[in-house]
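Visitor: Next come a sequence and a model predicted from it.
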Amino acid sequence: MLMTEQEQLAGYDDHGDDRIPELQALASPPSVPAASSPELRTLVAVVVGAVVVAALYVAQDVLIPMTLAVLLSFVLSPLVDLLRRIGLWRAPAVALSVLVALGAIGLIGTLLGSQATTLAADVPHYVEAVQNKLESIQAVATTRLESITRILNRGRTATTPPIVPAVRPRRNNTGPPALPGGTQQQPLVVELAARNSSVLAVARAVIEPLLGPLETTAIVLIVAVFILMQREDLRDRFIRLVGSRDLHRTTIAMDDAGKRLSRYFVSQLAVNACFGVVIGVGLWLIGVPFAVLWGVLAGLLRFAPYVGPLLAAVAPLTLAAAVDPSWWTTIYVALLFVIIEPLTGYVVEPLLYGHSTGLSPMSVIVAAVFWTWIWGPVGLILSTPLTLCLVVMGRHVKSLEFFDVLLGDRPALSEVNRFYQRTLADDSDEALDQAEKMLADRPLVDYYDSVVVPGLKLAAADEARGTISRQRAAEMTRSILAVIGDLAEHVDAKHTGTSKPEQLLQGTSTGLVACVAGRGPFDDVVTAMLAQLLVQRGVDSRTVLHAAVSRDTIAQLDLSAVKVIAVSYLELAGAPAHLRYLIRRLRRRAPHAAIIAGLWPTGEAVLNEPQAQKALGGDRYVASIREAIDATLAALSDLPPSQEVIPRISAAEAALSPGR
């Protein structure tokens, strides 16, 4: 009787056959890459992005009205809320808000239509005037060029004969072309007959161009009404799709995003409307025709930053050159835009809704190009609002965070990552520049604790994995020490956080505090920072390298004048025995000194376990440079000369001690 595959494997296992792994590998199905692998997720993201872009382009006739409706709902939401607060129901409040929006749109459309109709009739005259002015400029430029050429030709020798271009005789053939037989061809007479036009054809010619805008306006208003009527329900459905696991945080984020977007859009609409009014009035005072048309277009185009105001200035400048034989009107128009746009962008907008829209300058340009390519001129106007919506969603929705990283104005890297990246690149100057900018509003000890020490932890982790070699770690250490040396002049004793003025001592004996480095490649940096801050506080301190406290060399180390020993260990998880034996050697060499162990790894168990602290043999354990400074100052001020050690305290007591 044949045995099954499992029985065969069991039999081999009973007899201790060493081929069990091979048979199990043959019996098991071939491994398939996990569906959640990074490569597959990246491929899916690329495919989804391509499909979304294609859908945006193909379905623009549907998506443009929907997008306009969503943005209109954001603009009208504050008005609806205001009407509801004064006692109106939701339906009347929405209806009244939409009527206000419809009236504004109708007024703007009427102004634009009447101005554009009149302008269309005068365009040939303006084009001819601009061409004549350009021809005059070309003639002046040609004359100047010829005069310069004559001046240059005077330097030639007199013996050089002038070069005369060959001129072919022109044929004066003004008559009609001759036929092969010698006779001349007679011109054909063409008569233009007026086409019979009916009332229906005239009405169709007038109404047909208006059907598209009217249809889009109707769709926008209807969708905006439904969004305003069912705003809470739509919000809940969106939360259910993207953040149902944490309803509290998602709801707060969505409400905050909606309020921020509404305030921003209303503020931007008000600023751009005022900008258009000022430009229109200024053009009217200068004497540029159709000032209302150019003012409205300037307000609309300003929704596209950087590019919009430039495009808005092109038509008024061209028209000013056409209506004025001189150039003064053109100069006045240019000065109007040059003065009003910076004043609006750098004075009015920062006072109204902050210094930044939340978008990086590069993303604004890229977004304008992208949305113009997808949706044309409407996309150019909507580029900034749409991109801002994506950035706000990216800041609150985890799955859309890449929008905030790509398009937002917040730093892509944290301060810690930037410090570590500059250190890896061996760019001490940029690391120092980053430090000086951060030290403008924070003390040096906070910069060391919040940026440098976490960056050193990243470096130590990479060195432990083998990503960074010992030689590279030594080079990085020298680079960071150079930055720390340059920061020695930044004295911030008033920000140390110590509560006792008497703790700022002036040491009298050399080596009052010994800062001993651990065995890690970056412990020298932490020791140097601690010694530097102690010196700034008037404490005599010196740095002791790890090689000086080894078994072979510690006997040569003079610790007789040392009152406090501060040991720094950036990496402890893999070497607690090294720290224990180091403290034991220091205790034997300086039994009168208090030993403070700085354990910088986050969440180190020794900081909260009294038994582990007792086993290591230190007097106090700290987790930050600020705590190490406070503990050292406390030991120097409170410890009597005859006392050998200070009592051990727990982490909770350390948090409640003076200076914390």
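Guide: Nice, thanks for sending it over. On a predicted model such as this, the values are computed, not experimentally measured, just so you know.
Visitor: quick check, distance from stretch 286-301 to the centre of its chain.
Guide: Centroid displacement of stretch 286-301 relative to its chain, using Cα atoms, centre = their mean, to the nearest Å, is 34 Å.
Visitor: Just the C-alphas of that stretch, formatted as CSV.
Guide: Extracted in CSV, the C-alpha atoms of stretch 286-301 (Å, rounded to 0.1, in the frame of the first residue of the first chain):
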residue,chain,number,x,y,z
ILE,A,286,-4.6,106.0,-17.1
GLY,A,287,-6.9,105.9,-20.1
VAL,A,288,-6.7,102.3,-21.3
PRO,A,289,-9.9,101.2,-23.1
PHE,A,290,-12.0,98.4,-21.6
ALA,A,291,-10.6,98.8,-18.2
VAL,A,292,-13.5,96.8,-16.6
LEU,A,293,-12.6,93.8,-18.8
TRP,A,294,-9.0,93.9,-17.9
GLY,A,295,-9.7,94.4,-14.2
VAL,A,296,-12.0,91.3,-14.1
LEU,A,297,-9.5,89.2,-15.9
ALA,A,298,-6.7,90.4,-13.6
GLY,A,299,-8.8,89.3,-10.6
LEU,A,300,-9.5,85.9,-12.1
LEU,A,301,-5.9,85.2,-13.3
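Visitor: Give the buried residues for that stretch.
Guide: Under the neighbour-count criterion of 16 or more other Cβ atoms under 10 Å, stretch 286-301 has 286, 288-301 buried. All C-beta atoms are positioned from the backbone trio N, CA, C, and that covers glycine.
Visitor: The stretch 251-400 of the chain: strands as residue ranges?
Guide: With DSSP state E, counting those that start in this stretch, there are no strands along the stretch 251-400 of the chain.
Visitor: Hmm, residue 228 is touching residue 77, no?
Guide: Yes. In terms of Cβ atoms under 8 Å, residue 228 counts as a neighbour of residue 77; the distance is 7.0 Å.
Visitor: one step back: select, from the buried residues of stretch 286-301, the two members most distant in space.
Guide: For the buried residues of stretch 286-301, with distances taken as Cβ to Cβ, the pair at the greatest spread is 286 and 300 (20.6 Å).
Visitor: what about the stretch 151-300 of the chain, any weak spots by pLDDT?
Guide: Residue ranges of the stretch 151-300 of the chain with pLDDT under 70: 155-210, 242-249, 253, 256.
Visitor: Mind doing that once more with 80?
Guide: In the prediction, the stretch 151-300 of the chain carries residues with pLDDT under 80 at positions 152-214, 232, 235-264.
Visitor: Mind jotting down where the helices sit in it?
Guide: Along the stretch 151-300 of the chain, counting by DSSP state H, counting those that start in this stretch, helices occupy 199-229, 231-242, 247-286, 291-301.
Visitor: got JSON lines for those helices, with distance to residue 428 too?
Guide: What follows is those, written out as JSON lines (distance: least, Cβ to Cβ, whole Å):
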{"stretch": "helix 199-229", "distance to residue 428": "54"}
{"stretch": "helix 231-242", "distance to residue 428": "44"}
{"stretch": "helix 247-286", "distance to residue 428": "40"}
{"stretch": "helix 291-301", "distance to residue 428": "46"}
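Visitor: between the ones you listed, which one is nearest to residue 583?
Guide: Closest to residue 583 of the helices of the stretch 151-300 of the chain is helix 247-286 (Cβ to Cβ; 45.0 Å).
Visitor: Let me know the angle separating that closest one from helix 231-242.
Guide: Between helix 247-286 and helix 231-242, the angle comes out at 120 degrees (axes from the mean of the first three to the mean of the last three Cα atoms, to 10 degrees).
Visitor: Helix 247-286 - contacts with which helices or strands?
Guide: Helix 247-286 sits against helix 60-85, helix 231-242, helix 291-301, helix 307-323, helix 328-343, helix 349-353, helix 377-396, with contacts defined as 3 or more Cβ pairs under 8 Å, 6 or more residues apart in numbering; DSSP states H and E.
Visitor: hang on, the earlier thing: of the helices of the stretch 151-300 of the chain, which approaches residue 548 most closely?
Guide: helix 247-286 (51.9 Å).
Visitor: Would you mind listing the buried residues in that closest one?
Guide: Result for helix 247-286 [16+ other Cβ under 10 Å]: buried residues 250, 253-254, 257-258, 260-262, 264-266, 268-269, 271-273, 275-276, 278-280, 282-283, 286.
Visitor: Kindly report the same for stretch 141-152.
Guide: Quick answer for stretch 141-152: no buried residues (16+ other Cβ under 10 Å).
Visitor: What is the distance between that stretch and the centre of its chain?
Guide: Here the centre of stretch 141-152 is set off from its chain's centre by 52 Å, with Cα atoms, centre = their mean.
Visitor: would JSON lines of the helices and strands packed on helix 247-286 with distance to residue 117 be doable?
Guide: Converted to JSON lines, those look like this (distance: least, Cβ to Cβ, whole Å):
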{"stretch": "helix 60-85", "distance to residue 117": "25"}
{"stretch": "helix 231-242", "distance to residue 117": "39"}
{"stretch": "helix 291-301", "distance to residue 117": "10"}
{"stretch": "helix 307-323", "distance to residue 117": "16"}
{"stretch": "helix 328-343", "distance to residue 117": "23"}
{"stretch": "helix 349-353", "distance to residue 117": "34"}
{"stretch": "helix 377-396", "distance to residue 117": "19"}
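Visitor: Of the ones you listed, which is nearest residue 518?
Guide: helix 377-396 (39.8 Å).
Visitor: mind showing which ranges of the stretch 1-150 of the chain have poor pLDDT?
Guide: 1-39, 41-42, 109, 111-114, 116-123, 129-130, 132-137, 140-141, 144, 150.
Visitor: which stretches of it form helices?
Guide: 5-14, 20-27, 38-58, 60-85, 90-153.
Visitor: Mean neighbour count, these: which tops it?
Guide: Highest mean neighbour count of the helices of the stretch 1-150 of the chain: helix 60-85, a mean of 18 (counted as mean count of other Cβ atoms under 10 Å).
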